[in-house]
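Novice: Next comes the sequence, and after it the predicted model I'd like to discuss.
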Amino acid sequence: MEVKNNFKTKMDNKKISTSLGTVLIIIFAATALAFVLMYENKRRANEVQSDSVKVVENNKINNKGSIQDNQSQQSENTQDLQTTNKEQSSPDGWNTFESNISNSVFTTNDWDMFNATNSNAGYLFRLHYPNDWKLEGSVFYDKNDNKISEFMPLGVILLEDNQHCFDGKFTTSFSNLIQLISQESFKIADVKGIKRISKAPVSGSSKIWYPNSYCVEENGKAVIINFYENNSSSPNKNIFEKIISTLSFEDQSDKIKTSKYINKTFGYEFEYPDKLKTTSISNDSNVVISDGLEGHWIYNINTQANYQKLSLEDAFSQILTEKTKSVSDKNLINISSITIDGKLAKKYSIKNYTDYGNTGIVLISGDYIISIFGDNSISPINSDLENILNSFKFIY
């Protein structure tokens with residue numbers, strides 16, 4: 001029994017050692033497998049990270065290329081801008097101002113109030129000014145941001161026949177505040193006109209300054225520019241006159257393509273822009289000009305027999321009464337005298353739109369009353385009326 005028991009004990013011990021070995025083998029295998037799995041995962045993670053880095057680096061390269069392209073494009077744009085500014089600069093390095101079609105043309109009866117007649121009719125002007133001045137709207141400021149000069153108004157002034165710069169009596173809406181000191185003609189280089197010096201209070205201040213107003217005139221056109229001085233001796237006269245010497249006019253109205261209308265029945269002709277048409281309802285007595293054959297009328301030339309032998313004043317009065325009957329405030333109506341191909345005419349302008357347009361011109365030719373109407377509510381072609389009037393001729 002003891003032998004058996006001893007054998008059993010040995011066998012039990014052997015079983016324990018075998019079981020322990022099996023467990024150790026399993027643990028070792030599991031550990032090895034874990035290391036293998038960890039290594040594989042790490043390797044894959046490194047591959048993903050490597051790929052990600054490659055993508056990021058490629059993106060950086062592409063972005064860098066884009067930035068370089070943008071910088072190159074920006075450099076080219078800057079170069080173009082600098083080239084443009086250089087081309088617009090005057091030979092002496094000054095800046096250049098040039099009016100454009102957004103600037104109106106004006107008329108005046110007293111050199112105090114200016115009426116914007118139409119959008120620009122191709123009458124432009126330009127001048128040079130110091131590069132340390134800046135222009136905001138119609139006002140120039142010096143390097144210290146002081147108001148030093150101003151266009152009055154910003155645009156070309158169309159002169160009537162026998163009208164000249166600052167002619168007539170000096171008038172101003174603020175006659176009790178502004179005093180005329182001197183007025184004289186000037187010629188600076190090839191630029192001619194009239195210069196006024198006045199004394200006036202600075203707006204919004206108790207200070208006094210001395211506007212030097214230069215009115216430059218050439219071939220029925222004028223431009224006014226004011227220069228502001230702090231005393232009447234004009235210490236900046238030289239710089240002002242240098243600016244004035246650079247002023248020049250450019251008439252582009254003759255570059256507008258036109259068609260000619262000839263009315264053989266009543267003996268007149270005129271030119272109108274190609275973009276406009278005489279409508280299908282036009283006839284010799286009633287010429288209708290529009291932006292299309294069936295479009296809304298823009299300009300209308302009406303001829304009627306003067307059976308009553310009316311004078312120009314009476315004919316104008318009748319037509320004015322009829323065409324402005326819907327205007328409640330008669331102060332909105334401006335009346336003036338003009339000439340068309342040497343014939344005296346009367347003109348009215350209305351500041352607000354009516355069914356008969358804003359502008360009417362009446363003249364008498366032989367036994368007929370001719371009326372020209374403009375519907376100035378259509379702003380893009382307001383300037384065409386001036387072209388029609390300027391080209392209006394009587395052929396017999």
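Specialist: Structure's in. What do you need? Residues are numbered from 1 along each chain as shown.

Novice: Could you use CA atoms for every contact and neighbour count after this?
Specialist: Noted.

Novice: for the residue nearest to L320 when sequence neighbours are not counted, what are its contacts?
Specialist: Leaving aside its sequence neighbours, L320 sits nearest to Y348 (C-alpha to C-alpha, 6 or more residues apart in numbering; 7.6 Å). Y348 makes contacts with 320, 333-336, 359-361, as judged by C-alpha atoms under 8 Å, 6 or more residues apart in numbering.

Novice: Following element in sequence after the strand or helix carrying Y348, please.
Specialist: Secondary structure assigned from DSSP states H and E places Y348 in strand 343-350. Using DSSP H and E, the helix or strand that follows strand 343-350 in sequence is strand 359-365.

Novice: What strands flank that next one, and is each parallel or antiparallel?
Specialist: strand 343-350 (antiparallel), strand 368-374 (antiparallel) (DSSP bridges).

Novice: domain parsing for this protein?
Specialist: The chain breaks down by automatic domain parsing into domains covering 98-253, 256-394.

Novice: What separation do you get for the residue nearest to L320 and F106?
Specialist: Noted for Y348: a distance of 15 Å to F106, by C-alpha to C-alpha, to the nearest Å.

Novice: Same check on N95?
Specialist: In terms of C-alpha to C-alpha, N95 sits 25 Å off from F106.

Novice: Which of the two has more residues huddled nearby?
Specialist: F106 (23 against 20; other C-alpha atoms under 10 Å).

Novice: For that one, pull up the helix or strand it's in.
Specialist: Using DSSP H and E, F106 falls in strand 105-108.

Novice: counting contacts, what elements does that strand pack onto?
Specialist: For strand 105-108, the elements it packs on are strand 114-118, strand 157-158, judged by 3 or more C-alpha pairs under 8 Å, 6 or more residues apart in numbering; DSSP states H and E.

Novice: how about the closest residue to T359 other than its chain neighbours, what does it touch?
Specialist: Nearest-residue entry for T359: S349, 4.6 Å, with adjacent residues in sequence omitted and distances by C-alpha to C-alpha, 6+ apart. S349 makes contact with 333-335, 358-360 under the criterion C-alpha under 8 Å, 6+ apart.

Novice: got the CA positions of the strand holding Y348 in PDB?
Specialist: Extracted as PDB, the C-alpha positions of strand 343-350 are listed here (Å, rounded to 0.1, in the frame of the first residue of the first chain):
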ATOM      1  CA  LYS A 343     -32.100 131.400 -85.300                       C
ATOM      2  CA  LEU A 344     -33.200 132.600 -81.900                       C
ATOM      3  CA  ALA A 345     -35.000 129.900 -79.800                       C
ATOM      4  CA  LYS A 346     -36.500 129.600 -76.400                       C
ATOM      5  CA  LYS A 347     -35.800 126.700 -74.100                       C
ATOM      6  CA  TYR A 348     -37.400 125.400 -70.900                       C
ATOM      7  CA  SER A 349     -35.900 122.800 -68.600                       C
ATOM      8  CA  ILE A 350     -37.900 121.100 -65.800                       C
END
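
Novice: What residues sit buried inside it?
Specialist: For strand 343-350, burial by neighbour count (16 or more other C-alpha atoms under 10 Å) applies to 345-350.

Novice: go on, stretch 163-177?
Specialist: In stretch 163-177, counting by 16+ other C-alpha under 10 Å, buried: 164-166.

Novice: With pLDDT and secondary structure as extra columns, can I get those in a markdown table?
Specialist: Shown next, in a markdown table, are the buried residues of stretch 163-177 (pLDDT from 0 to 100; DSSP: H, G, I helix; E, B strand; the rest coil):
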| residue | pLDDT | secondary structure |
| --- | --- | --- |
| H164 | 95 | coil |
| C165 | 97 | coil |
| F166 | 96 | coil |
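
Novice: Now render those as TSV, adding distance to S280.
Specialist: Formatted as TSV, the buried residues of stretch 163-177 follow (distance: C-alpha to C-alpha, whole Å):
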residue	distance to S280
H164	42
C165	44
F166	46
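
Novice: ok, those residues vs S311, which is closest?
Specialist: Ranked by distance to S311 (C-alpha to C-alpha), those are led by H164 at 28.6 Å.

Novice: quick one: contacts for that closest one?
Specialist: The neighbours of H164, taking C-alpha under 8 Å, 6+ apart as the test, are 217, 220.

Novice: now swap in V216 and tell me
Specialist: By C-alpha under 8 Å, 6+ apart, the residues touching V216 are 165, 191-194, 222-224.

Novice: change it to 7 Å
Specialist: By C-alpha atoms under 7 Å, 6 or more residues apart in numbering, the residues touching V216 are 191-194, 222-224.

Novice: Surely P235 forms part of a helix?
Specialist: No. P235 is assigned coil when assessed by DSSP: H, G, I helix; E, B strand; the rest coil, not a helix.

Novice: and the closest residue to D341 other than its chain neighbours, how many residues sit next to it?
Specialist: Once flanking residues are discounted, D341 sits nearest to K393: 5.6 Å by C-alpha to C-alpha, 6+ apart. As a burial measure, K393 scores 18 neighbours (other C-alpha under 10 Å).

Novice: Surely K393 and E269 touch.
Specialist: Yes. Between K393 and E269 there is a contact at 5.4 Å, judged by C-alpha atoms under 7 Å.

Novice: So what sits opposite I369 in the bridge?
Specialist: I369 forms beta bridges with Q304, I364, as assigned by DSSP bridges.
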